[in-house]
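Asks: Sequence and predicted model, in that order:
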Amino acid sequence: MTGTGLKNLIMFQKLCGEDGLGSVVLATTRWSAIPLKTAEDHESQLKAEFWKAMIDNGSKVFRQDRGRESALEIIQYLTRKRRPVTLDIQRDMVDKGLGLNETAAGKEIVSEAEKQNKANEEKITLIREELKEALRRKDEAGKEELEELKAETEKEMRKYRDELQKMKVGREELRRQMEEKYLKEKEELLLQMRANENLLKEEEHQRQTMQEKHKQELELQKARLQNRYYQLLLSNKCWIM
């Protein structure tokens with residue numbers, strides 16, 4: 001739980017915020033890949049160190065170790081909660097009107113990108129000095145290798161600059177995206193309501209058809225009984241005569 005994994009966990013917590021962590025499941029997998037005792041030790045370490053703050057705020061730990069059965073348990077746990085969640089990043093951008101780069105999650109990304117940019121700038125400075133030295137020594141092989149390294153580092157710097165630029169998404173863009181999502185969900189809901197209405201109409205039609213059929217069967221049975229009764233009366237009359 002180091003490097004990218006740890007950064008992603010920190011980012012996830014900042015996106016959710018403390019209030020949102022109560023709807024989070026931390027599910028562990030690959031229980032059959034290592035000895036049970038080792039797996040249990042790993043789980044205990046995750047719960048005691050890396051996940052403690054999330055668990056303290058309501059996150060639940062599950063073992064995804066029995067295929068479909070344990071997967072359904074996780075899904076059922078989440079659906080039973082029926083808890084509306086507003087993420088911290090939503091509050092920051094919608095309620096407070098902050099730009100994405102001003103949110104807690106955004107600041108984390110910006111901070112990481114700025115650290116990486118600074119490291120790359122220092123790396124470029126060092127490469128330039130080494131290039132000068134290679135030129136002074138007329139070391140063509142070293143020069144080519146350094147040029148490749150310099151180009152690769154500059155490419156990485158451009159990537160981080162692009163990421164920082166993307167972080168400057170304004171709240172109007174977020175509002176537009178949310179409105180689009182709302183309209184799409186509204187349309188889907190209306191379609192579902194119409195489908196439910198059609199289903200109810202179909203069920204009502206089937207019910208009425210069954211009632212009519214049942215009524216006809218009762219009338220037919222009644223007619224048969226009456227016919228049988230008249231036959232008995234005629235038979236008795238003939239016997240009496």
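Replies: In hand now; what should we look at?
Asks: would you list every one of the strands in this structure?
Replies: Along the chain, counting by DSSP state E, strands occupy 25-28, 60-63.
Asks: And the first one, what's buried?
Replies: If I follow you right, that is strand 25-28. Residues of strand 25-28 classed as buried: L26 (neighbour count, 16 or more other Cβ atoms under 10 Å). Every residue, glycine included, has its C-beta placed from N, CA and C.
Asks: which residue ranges form the helices in the protein?
Replies: Here the chain has its helices, by DSSP state H, at 3-16, 36-45, 52-56, 68-81, 88-90, 104-137, 140-166, 171-240.
Asks: and the first one, how far out from the chain's middle?
Replies: Here the centre of mass of C-alpha atoms in helix 3-16, compared against the chain's by Cα atoms, centre = their mean, to the nearest Å, lies 15 Å away.
Asks: tell me the domain ranges of the chain?
Replies: If you go by automatic domain parsing, the domain ranges for the chain are 18-86, 99-169.
Asks: what is the rounded mean pLDDT of the shortest one?
Replies: Taken as a whole, domain 18-86 has a mean pLDDT of 91.
Asks: Any idea which residue is closest to the centre of this protein?
Replies: V24 (10.6 Å; Cα atoms, centre = their mean).
Asks: Could I get the phi/psi values of that one?
Replies: Main-chain torsions, V24, degrees, to the nearest 10: phi -110, psi 140.
Asks: Give me the neighbour count for the closest residue to it other than its chain neighbours.
Replies: In space, and not counting its chain neighbours, V24 is closest to S59: 4.2 Å by Cβ to Cβ, 6 or more residues apart in numbering. Residues lying near S59 (other Cβ atoms under 10 Å) number 19.
Asks: Tell me which residues touch S59, please.
Replies: For S59, the contact set (Cβ atoms under 8 Å, 6 or more residues apart in numbering) comprises 21-22, 24-26, 51.
Asks: Adding distance to E145, write the strands of the chain out as CSV.
Replies: Compiled in CSV, those are given as follows (distance: least, Cβ to Cβ, whole Å):
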stretch, distance to E145
strand 25-28, 44
strand 60-63, 48
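Asks: Which one, of the helices of the chain, ends up nearest to K96?
Replies: K96 lies closest to helix 171-240 among these, at 9.0 Å (Cβ to Cβ).
Asks: From the chain's centre, how far out is the closest one? Work that out for me.
Replies: 39 Å.
Asks: again, but for stretch 39-50
Replies: 24 Å.
Asks: first to last residue in it, what's the distance?
Replies: 16 Å (Cα to Cα, to the nearest Å).
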